[in-house]
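1. Quick one: sequence plus predicted model below, questions after.
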Amino acid sequence: MPKTETRYERLDDIERRLARRPEGWTTTELAREFAVDPDTILRDLTLLEARGTGLVKQGRRYVLDHRRSLHTIRISNDEALALYLAARLLSRHSDEHNPHVVRALDKLGDALQSKSPLIAGHIARAASAVRARRARREYVAVLEVLTQGWAEGRKVALRYYAYSTNETTERTFAPYFIEPSGIGYACHVIGFDDLRHELRTFKVERIHEARLTDERFTIPPDFDPQRLLASAWGVIWRDAGAIAVTLRFAPAVVRRVKESVWHFSQRLEDLPDGSCLFTVLVGSTMEMKPWIRQWGAAVEVLAPAELRAELVEEVQVMAATYGLTLSEEAL
């Protein structure tokens, strides 16, 4: 019997089984598969039909007629690769077990099976990797509520833990946008916070509880998440204005630095000794610091002074951890 957690998950599983079995299923067979009564399966099939899946009844069996499906696409091998790359990023964007990610990848793999069994197989393995992660139902439930609130324009009552203050507060929140972050494999939600009366970004993993309310909201027409996040290194921005960050990279890593576009605002300037200056405008340096640290001694923060001081302090603490004492000249 498949392990399903909600009715919607069972509906997706039923649809996948129908897609994989051209001869179809009877309600009795499906009821036995899912350990529910046939009347429940009948109601599920009615909902599937309403989704526009192309479900038809042939005698006692239900089958999927893909010619009647509302969503049919034809893709090339290059487009299949693009979908695979997106699937890989999707499978890696979080360290949580997300059954919705698993099902999305499973469906994508099924759709590509006839076009490219090789790529479909790799997508299936990506789904298996997500499926094997630790399951935390609280996180999935919160994400489901936020998604529904975003889709339906309904505010969400939530309890949020702030890492900086070590406090948990209750608030009503209007989700305007959901954004994954490659930093820390996290997911964030941006919206209007009634408690602070301003736009805020919350890390979904820190929301302990979320409940959908009947209070409606409308996203302001001037809310543009792409513009808002343009100055962010990750998903955190500041309204106070852009911060100019200047770094000097050692000659040994200059080629690697130039291989990638790290930020849309970046500017590179070669120096006579083979090093280079790297300048960006960001809304906050918080998410940039881990990226700077990963370059180790091959990078030096030149500006702003506050960021340089923070990194100097970290170096001093690290040296003390290893029983070393650094002079001012060394810093």
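-> Yes, it's here.
2. Give me the below-cutoff pLDDT ranges for the chain.
-> 1-6, 51-52, 66-74, 93-96, 182-185, 231, 234-241, 326-331 (pLDDT under 70).
3. Identify the structural domains in it and state their residue ranges.
-> Following automatic domain parsing, one finds the domains of the chain at 7-68, 77-131, 137-221, 243-321.
4. Tabulate these (JSON lines), appending mean neighbour count.
-> Any C-beta I mention is one placed from the backbone N, CA and C, and that applies to glycine too. Output for the domains of the chain, formatted as JSON lines (neighbours: other CB atoms under 10 Å):
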{"stretch": "domain 7-68", "mean neighbour count": "15"}
{"stretch": "domain 77-131", "mean neighbour count": "17"}
{"stretch": "domain 137-221", "mean neighbour count": "16"}
{"stretch": "domain 243-321", "mean neighbour count": "14"}
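5. okay, these in a markdown table with distance to Ala232 next?
-> Output for those, formatted as a markdown table (distance: least, CB to CB, whole Å):
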| stretch | distance to Ala232 |
| --- | --- |
| domain 7-68 | 33 |
| domain 77-131 | 16 |
| domain 137-221 | 9 |
| domain 243-321 | 5 |
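6. Go ahead and name everything in contact with stretch 101-108.
-> Applying CB atoms under 8 Å, 6 or more residues apart in numbering, the contact partners of stretch 101-108 are 9, 12-13, 16, 83, 87, 90-91, 94, 123-124, 126-127, 130-131.
7. Show me how far that stretch is from its chain's centre.
-> Distance of stretch 101-108 from the chain centroid (CA atoms, centre = their mean, to the nearest Å) equals 14 Å.
8. separation between Lys108 and Glu167?
-> For the record, residue 108 is Leu, not Lys. In this view, Leu108 and Glu167 are 40 Å apart by CB to CB, to the nearest Å.
9. now do Asp106
-> Taking CB to CB, one finds Asp106 at 40 Å from Glu167.
10. for Lys107, same thing?
-> According to CB to CB, Lys107 and Glu167 sit 40 Å apart.
11. just so I have it, where are all the helices in this structure?
-> 7-20, 27-34, 38-50, 77-92, 99-112, 117-131, 137-152, 225-228, 251-259, 288-293, 305-321 (DSSP state H).
12. any idea how far the first one is from the chain center?
-> Same thing as helix 7-20. Put simply, helix 7-20 sits 24 Å off its chain's centre (CA atoms, centre = their mean).
13. what packs against it?
-> Here helix 7-20 touches helix 27-34, helix 38-50, strand 61-64, helix 99-112, going by 3 or more CB pairs under 8 Å, 6 or more residues apart in numbering; DSSP states H and E.
14. any chance of these in TSV, plus distance to Leu271?
-> Formatted as TSV, the helices and strands packed on helix 7-20 follow (distance: least, CB to CB, whole Å):
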stretch	distance to Leu271
helix 27-34	66
helix 38-50	63
strand 61-64	63
helix 99-112	44
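15. between these, which gets nearest to Ser76?
-> helix 99-112 (11.5 Å; CB to CB).
16. ok and that closest one relative to helix 7-20, angle-wise?
-> Angle of helix 99-112 versus helix 7-20, following axes from the mean of the first three to the mean of the last three CA atoms, to 10 degrees, is 10 degrees.
17. Quick check: the gap between the residue nearest to Lys115 when sequence neighbours are not counted and Leu118.
-> Spatial nearest neighbour of Lys115, chain neighbours left out: Ala80 (5.8 Å); criterion: CB to CB, 6 or more residues apart in numbering. For Ala80, the distance to Leu118 (CB to CB) stands at 10 Å.
18. cool, His197 as well?
-> Taking CB to CB, one finds His197 at 53 Å from Leu118.
19. try Arg125
-> For Arg125, the distance to Leu118 equals 11 Å [CB to CB].
20. what do you get for Arg32?
-> In terms of CB to CB, Arg32 sits 34 Å off from Leu118.
21. from the middle of its chain, how far away would stretch 242-257 be?
-> Distance of stretch 242-257 from the chain centroid (CA atoms, centre = their mean) equals 28 Å.
22. what's that stretch in contact with?
-> Around stretch 242-257, the neighbours that count as contacts under CB under 8 Å, 6+ apart are 231, 265, 268, 270-271, 273-285, 288, 292, 295, 297-304, 307.
23. what do you get for stretch 260-277?
-> Stretch 260-277 is contacted from outside by 230-231, 233, 242, 246-251, 254, 257-258, 278-282, 291, 302, using CB under 8 Å, 6+ apart.
24. so what's Val280 up against?
-> By CB under 8 Å, 6+ apart, the residues touching Val280 are Trp233, Ala244, Val245, Trp262, His263, Ser265, Gln266, Arg267.
25. which residues touch Ile41?
-> Contacts for Ile41 (CB under 8 Å, 6+ apart) come out as Ile14, Thr27, Leu30, Ala31, Phe34.
26. redo that, cut-off 7 Å
-> Thr27, Leu30, Ala31 (CB atoms under 7 Å, 6 or more residues apart in numbering).
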